[in-house]
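A.B. asks: build the 3D model from these lines:
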Amino acid sequence: MGIVLILVSLPFFFFYIEIGITLSIIGIVLIFVKKQKDFFQKVKKEKAFIRYNEMKFSDPISEETFSLSKIIDISPHINSHKNWLNSAVDSLEKEFRLSGKKTFLYNRNHSAAVFPYIKISLESMGYKKGGEFEKLFYKQGNYSKICSYLNRRTVISLEDELEKFVKLIEKQENK
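C.D. replies: This next block holds a predicted model:
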């Protein structure tokens, strides 16, 4: 819009110089306002991305997490966080079906958890790198809360094993 005003003001410089100068100034101001608005939008998106990456593991189904993911999403109609949660649960359940208790990393006598705690193979994640799905289930009750949010049934044996294992993770983290 600013460039259009500047272009429209050019002929006025020859006949009505005051109008030409006024339109040029308004055009320049509009260009600066748009640049500033774009800059602040970019900063807001970057801050939302940082905050979202902190919250998606600790509080995955909160309203704030979903609103931050909406800010980051390319289109307002895409719900990438819900898709990410769905993929995470699918991956964990698939890995548990394939590997059983080997999904959880214990020490030799099964009295403590060993970092990285939960192992989900690339095959179970659908060969999606960087999902970091494991971290999502380090917190007590996240699996059942996510399943209830997604209107899915939990795998009872997985839920029981995960509940025991998360207690070990919390014990290990609090040392």
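A.B. asks: V155 and F96 touch, don't they?
C.D. replies: Yes - counting by Cβ atoms under 8 Å, F96 is a contact partner of V155 at 6.6 Å. Using the backbone N, CA and C atoms, a C-beta is placed for each residue, glycine as well.
A.B. asks: which of these two has more residues huddled nearby?
C.D. replies: Per other Cβ atoms under 10 Å, whichever of V155 and F96 has more neighbours is F96, with 22 against 17.
A.B. asks: contacting residues around the more buried one?
C.D. replies: For F96, the contact set (Cβ atoms under 8 Å, 6 or more residues apart in numbering) comprises T103, V155, S157, L158, E161.
A.B. asks: can you report phi and psi for it?
C.D. replies: Taking degrees, to the nearest 10, you get phi -70, psi -40 for the backbone angles of F96.
A.B. asks: residues of the longest strand anywhere in the chain that come out buried?
C.D. replies: As assigned by DSSP state E, the longest strand anywhere in the chain is strand 113-118. Neighbour-count burial for strand 113-118, counted by 16 or more other Cβ atoms under 10 Å, picks out A113, Y117, I118.
A.B. asks: so can I have a markdown table of these showing distance to N79 and pLDDT?
C.D. replies: Converted to a markdown table, those look like this (distance: Cβ to Cβ, whole Å; pLDDT from 0 to 100):
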| residue | distance to N79 | pLDDT |
| --- | --- | --- |
| A113 | 32 | 71 |
| Y117 | 28 | 81 |
| I118 | 25 | 82 |
